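Visitor: Generate coordinates for the sequence data below:
(chains A and B)
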Amino acid sequence: MTTASQSGGDIQKKIALARQEARILYNEVEQTKLRTKDVSLVDVTTKIESLPKNYNNLKLYNTLKGHQTKIAKIVWSSDSSSILSASQDGYMIIWDAVTGFKKQAITLENQWVLTCGYSPNMNLVAAAGLDNVCTVYRIKSDTNEHGNGDSTIQGYQMFGTFYQSVQSIFKGHTAYISDCEFISNSQIITASGDMTCALWDISKGSKVREFIDHLGDVLCIDSFPQKKSNNPNLFISGSSDGNVKLWDLRSPTSSQNFYVSNSDVNTIKLFPNGNSFLTGSDDGLIRLFDFRSDCELNTYSLANQFAQQRQQQIRQQMTQTLKQPLFSFHRNNNGTSSPTDTFSLSSIYSSFENPGVYSIDFSKSGRLFYACYSEFGCMIWDTLKQEIVGSVGNDHSNKINQVSVSPDGIGLATASWDSTIKIYSA
Amino acid sequence: MTDNTNNKINGVNGGVISDRIAVIKLKRIQELNNRLKDTLRRERIPASNACLLLINYIQETPDYLIPYIFKLPLEQNKYARYQTLKNLKANSKNTSNGGGAGCCIIM
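Guide: Numbers count the residues shown, from 1 in each chain, chains lettered A, B, ... in the order given. Purely as a prediction, here's the structure:
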C-alpha cells in the first residue's frame, strides 16, 4: 500500500510539474506568434492600386439545368472542360462547361449526398454524405462518343446516358461525410462528422490512415495543388471546434494547428501557391492565414465593409439633406442630424450580424476571392486591399451555396439552391 | 450487488485504476509539451515577409477573371468562342430558311 501511494504522490508531483511546463511553453508560443505577426496584409498593400468597384466584368455564359433539388456540391475537372455536380435528387451529372450539355448522369447508390469528388484523370468520381459511406464510381470515357473530327455543333450533341459502375465502397466513418477530395488517381481523403479524416486507397480498396486530432465535426478539407506544391503529401481540414489543422498523409496526428475562432469553420481554401489559406466561418468572417509565419495575416469582415459604405452614404446624405430629418420618425426629435440618426441606421443593418460563410474560392492569381454568404449572395473580395469589388451570381433565384473557379482560371461556376449551376467568364 | 461491485472498484482496484489514470494524464501533458516545443522550434518568417511573398505571387500570375488588369483575347476564351460559333450557326440557318423561320413557330 505504501509503495502504491508513494508512487501515486510522485505522479501527482510530476503532473503538476508538467502542467507548469505546459503553461510556460504555451506563453512562449503566444509570445513568438505575437512577434512574427508584425503587420497585417492591408498595412503592406497601401501603395497598391485599388480595383474599381462594381466593375461588372463577368458574363453569364451557361445555366446548367437538370437537377431536381439543391445542388450539394460541384467540382471542376482537372482540364477545366467539365463540371461534376451532385444533388440530393439522387444523381451526379457531368456537364460540358463550354456547351452546357450533359455528358453523363450517374445514379447514386444513396441519394443523401453532401459532397463529391472528381479524379485528376477524370475516370473516377466519388460521392459521400449522410450514409457515412464514400462511394467511388467509374465513368465511361467519352472519347469515342465525340465522333471523328466532326468539329461542328453536331459534335456537341447531348449523349447523356444513365450509367453506373461502382468501383469501391468505403465504409468506416461513424458519422456523415462532409467533404471528400481525390489527391491522386487512386487515393481519396474524406472528412467526417465523427471528428476524423481518412485516407482511402482505391486500388487496394481499403482505408490507409485515419487522422484524429479534431475535437468537433470536420466540415471541410482542401488538398495541396499537386503540380506546384513541394509537398503533395499535405492537406488541411477545418472543423466545428474552430480550428484548422495541417496534416501530413504519412502521420495520423496533425503537424500544425491554427485557432480560427470559437465558431464553425465551414470552408477553407488554399492560396494558389499553397503557402497561405482562407477560412470562412459561421461568425461571417473570412481570415487569411500563412503557414510560414504561422499566424493570421488579414481578416475580411462584411459588417465592416457595409459599415464603411453606410458611413460614406450617410456622410453624403448628411451634406445633401442636412436640414431635413433622415427618417420620418425622427421628426418628433430635434429634426437635425443627431447621434440617434446614425444609431437607427446601424440598427437597420443589425441583420448583418449572422452572415455565415459557406464557400470560398480564389481567382487564379489569388488577387480576388469569391465568398458565398448565407444571406448576401456571392461577394468578390480584393485579397490585397481588403475591399469588396463586386458580386457574382445575382441571376440565381435562391441561395448560392458554392462558388468554384476552374483550374485554368478562365471560368467560374456558382451552384445554387435553385437547382441550377451558372457559368461565368470574362 | 451494485454496492459490492462499487466497493471492489473503489477499494481493491481503485488505487490501481486511479494510478493508471494519473499516468495516462501525465503522458498526455508530456505529449502536449512536446508538441508545444515542436511549435516553438518551428522556423517562422515575419508576417511582413509573408505578405510581400503573397503580393509577389499575385503580381506575377496572369488572372483572366480580372479583365481590368489582364485581358484575355476573345479567340482564347472558349466560352465566347463557342457562343459566337452558335450564333453564326443560328444566323446561317435563319438566312438559308429565308429569314427567321425555325423548325416550329408558336403563335
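
Visitor: for the nearest residue to residue A:256 once chain neighbours are set aside, helix, strand, or coil?
Guide: The shortest distance from residue A:256 to any non-neighbouring residue, by Cβ to Cβ, 6 or more residues apart in numbering or on different chains, is to residue A:246 (3.9 Å). Bear in mind the C-beta positions are built from the backbone N, C-alpha and C, glycine included. Following DSSP: H, G, I helix; E, B strand; the rest coil, the label given to residue A:246 is strand.

Visitor: do the same with residue A:12
Guide: Residue A:12 is classified as helix under three-state DSSP.

Visitor: Now do the contacts for residue A:166.
Guide: A:109, A:135-138 (Cβ atoms under 8 Å, 6 or more residues apart in numbering or on different chains).

Visitor: Look up how far chain B lies from it.
Guide: For residue A:166, the distance to chain B equals 33 Å [Cβ to the nearest Cβ, to the nearest Å].

Visitor: again, but for residue A:378
Guide: In terms of Cβ to the nearest Cβ, residue A:378 sits 13 Å off from chain B.

Visitor: quick one on the thing from earlier: could you dump the contacts of residue A:166 to JSON lines with secondary structure, neighbour count and distance to residue A:267?
Guide: Converted to JSON lines, those look like this (DSSP: H, G, I helix; E, B strand; the rest coil; neighbours: other Cβ atoms under 10 Å in any protein chain shown; distance: Cβ to Cβ, whole Å):
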{"residue": "A:109", "secondary structure": "coil", "neighbour count": "15", "distance to residue A:267": "26"}
{"residue": "A:135", "secondary structure": "strand", "neighbour count": "24", "distance to residue A:267": "23"}
{"residue": "A:136", "secondary structure": "strand", "neighbour count": "24", "distance to residue A:267": "23"}
{"residue": "A:137", "secondary structure": "strand", "neighbour count": "22", "distance to residue A:267": "25"}
{"residue": "A:138", "secondary structure": "strand", "neighbour count": "17", "distance to residue A:267": "29"}
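
Visitor: For the residues you listed, work out which two are farthest apart.
Guide: A:109 and A:138 (13.3 Å; Cβ to Cβ).

Visitor: ok, and what's touching stretch B:31-38?
Guide: With Cβ under 8 Å, 6+ apart, stretch B:31-38 has contacts from A:18, A:21-22, A:25-26, A:28-29.

Visitor: From those, list the buried ones, please.
Guide: Burial by neighbour count, 16 or more other Cβ atoms under 10 Å in any protein chain shown: within those this picks out A:18, A:21-22, A:25, A:29.

Visitor: could you dump those to TSV with distance to residue A:213, secondary structure and pLDDT?
Guide: TSV is the format used below for the buried ones among the contacts of stretch B:31-38 (distance: Cβ to Cβ, whole Å; DSSP: H, G, I helix; E, B strand; the rest coil; pLDDT from 0 to 100):
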residue	distance to residue A:213	secondary structure	pLDDT
A:18	20	helix	90
A:21	21	helix	92
A:22	17	helix	91
A:25	18	helix	91
A:29	17	helix	88
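
Visitor: which of the contacts of stretch B:31-38 are close to chain B?
Guide: A:18, A:21-22, A:25-26, A:28-29 (Cβ under 8 Å from any Cβ of the partner chain).

Visitor: okay but residue A:45 is in contact with residue B:52, surely?
Guide: No. Using Cβ atoms under 8 Å as the test, residue A:45 is too far from residue B:52 to be in contact (10.0 Å).

Visitor: The two: who's more crowded?
Guide: The neighbour comparison of residue A:45 against residue B:52 (other Cβ atoms under 10 Å in any protein chain shown) goes to residue A:45, with 21 against 16.

Visitor: Helix, strand, or coil at the more buried one?
Guide: Taking three-state DSSP, the label given to residue A:45 is helix.

Visitor: Quickly note the distance from it to chain B.
Guide: Taking Cβ to the nearest Cβ, one finds residue A:45 at 7 Å from chain B.

Visitor: Give the closest residue to that residue in space, chain neighbours not counted.
Guide: That would be residue A:384: by Cβ to Cβ, 6+ apart, it lies 4.3 Å from residue A:45.

Visitor: Repeat that for residue A:53.
Guide: residue A:389 (5.5 Å).

Visitor: which residues does the residue nearest to residue A:411 when sequence neighbours are not counted contact?
Guide: Counting by Cβ to Cβ, 6+ apart, residue A:411 lies nearest to residue A:425, which is 5.1 Å off, once chain neighbours are set aside. By Cβ under 8 Å, 6+ apart, the residues touching residue A:425 are A:58-59, A:61, A:410-412, B:65, B:77, B:79-80.

Visitor: before we move on, back to that, and which of the contacts of residue A:166 is nearest to residue A:394?
Guide: residue A:137 (34.0 Å).

Visitor: From chain B, how far out is the closest one?
Guide: Where chain B is concerned, residue A:137 sits at a distance of 27 Å (Cβ to the nearest Cβ).

Visitor: Tell me where the longest helix sits in chain B.
Guide: helix B:14-41 (DSSP state H).

Visitor: next structured bit after it?
Guide: helix B:47-60 (DSSP states H and E).

Visitor: Show me what counts as buried in that following helix.
Guide: Neighbour-count burial for helix B:47-60 [16+ other Cβ under 10 Å]: B:47-55, B:57-58.

Visitor: Restrict stretch A:245-262 to CA atoms and write it as PDB.
Guide: Taking C-alpha atoms only, stretch A:245-262 is exported to PDB below (Å, rounded to 0.1, in the frame of the first residue of the first chain):
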ATOM      1  CA  LYS A 245      -5.200  21.600 -38.900                       C
ATOM      2  CA  LEU A 246      -2.400  20.800 -41.400                       C
ATOM      3  CA  TRP A 247      -1.900  17.100 -41.900                       C
ATOM      4  CA  ASP A 248       0.800  15.000 -43.400                       C
ATOM      5  CA  LEU A 249      -0.600  12.000 -45.200                       C
ATOM      6  CA  ARG A 250       2.000   9.800 -43.500                       C
ATOM      7  CA  SER A 251       1.200  10.900 -40.000                       C
ATOM      8  CA  PRO A 252      -2.000  10.200 -38.000                       C
ATOM      9  CA  THR A 253      -1.600  13.400 -35.900                       C
ATOM     10  CA  SER A 254      -1.700  16.900 -37.200                       C
ATOM     11  CA  SER A 255       1.500  18.800 -37.900                       C
ATOM     12  CA  GLN A 256       0.300  22.400 -37.500                       C
ATOM     13  CA  ASN A 257      -2.700  23.900 -35.800                       C
ATOM     14  CA  PHE A 258      -4.400  27.200 -36.400                       C
ATOM     15  CA  TYR A 259      -7.000  28.500 -34.000                       C
ATOM     16  CA  VAL A 260      -9.600  30.500 -36.000                       C
ATOM     17  CA  SER A 261     -12.400  31.400 -33.800                       C
ATOM     18  CA  ASN A 262     -15.000  29.800 -31.500                       C
END
